Structures are given as structure tokens and as C-alpha cells.
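sequence-free structure coming up:
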């Protein structure tokens with residue numbers, strides 16, 4: 001609970017559903033802008049491949065889509081916040097509200113951890129862990145089911161990004177899994 005109370009007849013914007021949505025929308029917009037900034041942080045040379053695509057084309061498209069969706073989310077959140085403030089609707093602080101807040105903060109923390117570890121240990125190792133922790137955060141299903149879906153989903157995404165789209169998602173520090181999976185792909189698909 002906050003010790004800061006709004007003026008009489010005025011709702012605390014941060015306790016309204018619109019205010020909570022606005023905070024999430026702004027965080028997503030910051031992540032999207034960060035995607036544009038960090039697509040090529042080292043200033044590597046960019047050579048067009050087949051069809052004029054480069055290794056940064058797909059991340060740039062993702063950052064643009066996330067930016068567009070985030071702007072829409074911000075606009076909707078501001079409209080919702082105005083309605084909530086006009087009607088004085090403040091969400092009660094109960095256990096469900098705390099769980100939702102914990103899950104929002106947990107999701108952002110997992111995303112930041114995923115992005116931070118991606119270059120260190122590689123996509124093949126961090127994606128299953130990220131998906132599993134995300135499923136557990138939202139209590140999606142039984143632990144073994146979540147583990148299976150995490151492994152299968154991460155493998156499917158890795159197959160799309162690395163062998164098919166040729167993205168370099170290998171870890172710089174420790175990644176024994178990517179070379180093993182690439183070797184398995186070479187055996188299966190000669």
C-alpha cells in the first residue's frame with residue numbers, strides 16, 4: 001500500500017487499471033526502442049544476402065512491430081486511465097492485485113534476463129529456461145507439461161531462427177548446445 005493519498009475526489013492514477021496498463025505499455029515501448037538501438041550495437045558491417053535481406057532485417061521488423069503495438073497500447077491505456085480517473089475507479093489492493101503486479105514485474109524481469117543471457121549462453125540454452133519460468137510464473141499447467149512444452153517450443157523457435165533464417169544466436173561464453181544441434185541438423189538433413 002502506498003502512503004501517498006490523492007486529493008479528495010481524485011483517484012490515484014497508479015492504482016487504476018488504466019494506470020497499471022500505461023506503466024506496462026511504456027515499458028514495452030522502451031523495450032521496442034531499445035531493440036532499434038541495439039540491433040547493431042557493435043557497428044558490424046552489413047552485407048545484403050538473398051533478396052536484399054541482412055541478419056538485422058528480422059529483428060528490425062520485430063522492433064518496428066513491437067513499437068507500433070506499444071504505441072497502440074499506450075493510446076488505449078491513456079484513454080482507459082482518463083475514464084478511470086473521471087469515474088474515480090481505483091482498483092482495490094487485494095491478493096489478486098498483488099499477484100497480477102508480481103506477474104507483470106516477473107515477466108519484465110524474465111524478459112530482461114532472457115535478453116541479457118542471450119549473447120552469453122545462446123538461444124538454445126536460454127529459451128527453454130525462459131519459457132519454463134514464464135509458464136511457471138503464470139501457473140500454466142503441471143510441471144512436466146510445462147517442461148515438455150518449453151523444450152519443444154524452444155526447439156521449434158531455434159529451428160526457425162538458426163538453420164532456416166540463419167540468425168547467429170550462438171552464445172559467446174558458454175554454449176555447447178548450439179554446435180550439437182547444428183551437427184544433428186547436418187546429420188538429419190544432408
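Alright, I've got the coordinates. Everything numeric here is computed off the predicted structure, so don't read it as measured data.

Residue 178 - how many residues pack around it?
19 (other Cβ atoms under 10 Å). (Each C-beta comes from the backbone N, C-alpha and C, glycine too.)

Double-check it against residue 167; I have them as touching.
No - here residue 178 does not reach residue 167: they are 11.2 Å apart, not a contact under Cβ atoms under 8 Å.

And for residue 124, the neighbour number?
24.

Kindly apply the preceding question to residue 109 instead.
Residue 109 has 12 nearby residues by other Cβ under 10 Å.

now swap in residue 37 and tell me
9.

again, but for residue 175
Residue 175: 19 neighbours (other Cβ under 10 Å).

try residue 173
Residue 173 has 9 nearby residues by other Cβ under 10 Å.

Packing partners of the lowest-mean-pLDDT helix or strand in the chain?
Ranked by mean pLDDT, DSSP states H and E, the weakest helix or strand in the chain is helix 177-188, scoring a mean of 79. With contacts taken as 3 or more Cβ pairs under 8 Å, 6 or more residues apart in numbering; DSSP states H and E, helix 177-188 sits against helix 123-137.

tell me which residues of the next helix or strand after the helix it packs on are tucked away?
Note on helix 123-137: by DSSP states H and E, the next helix or strand toward the C-terminus is helix 143-159. For helix 143-159, burial by neighbour count (16 or more other Cβ atoms under 10 Å) applies to 146, 149, 150, 154, 157, 158.

Where does pLDDT dip in this structure?
1-11, 13-15, 40-56, 89-94 (pLDDT under 70).

what sits against residue 121?
Contacts for residue 121 (Cβ atoms under 8 Å, 6 or more residues apart in numbering) come out as 171, 173, 174, 175.

Which strands and helices lie in contact with the longest helix along the chain?
Scanning the chain for the longest helix, with DSSP state H as the assignment, gives helix 57-87. Of the remaining helices and strands, those touching helix 57-87 by 3+ Cβ pairs under 8 Å, 6+ apart are helix 17-37.
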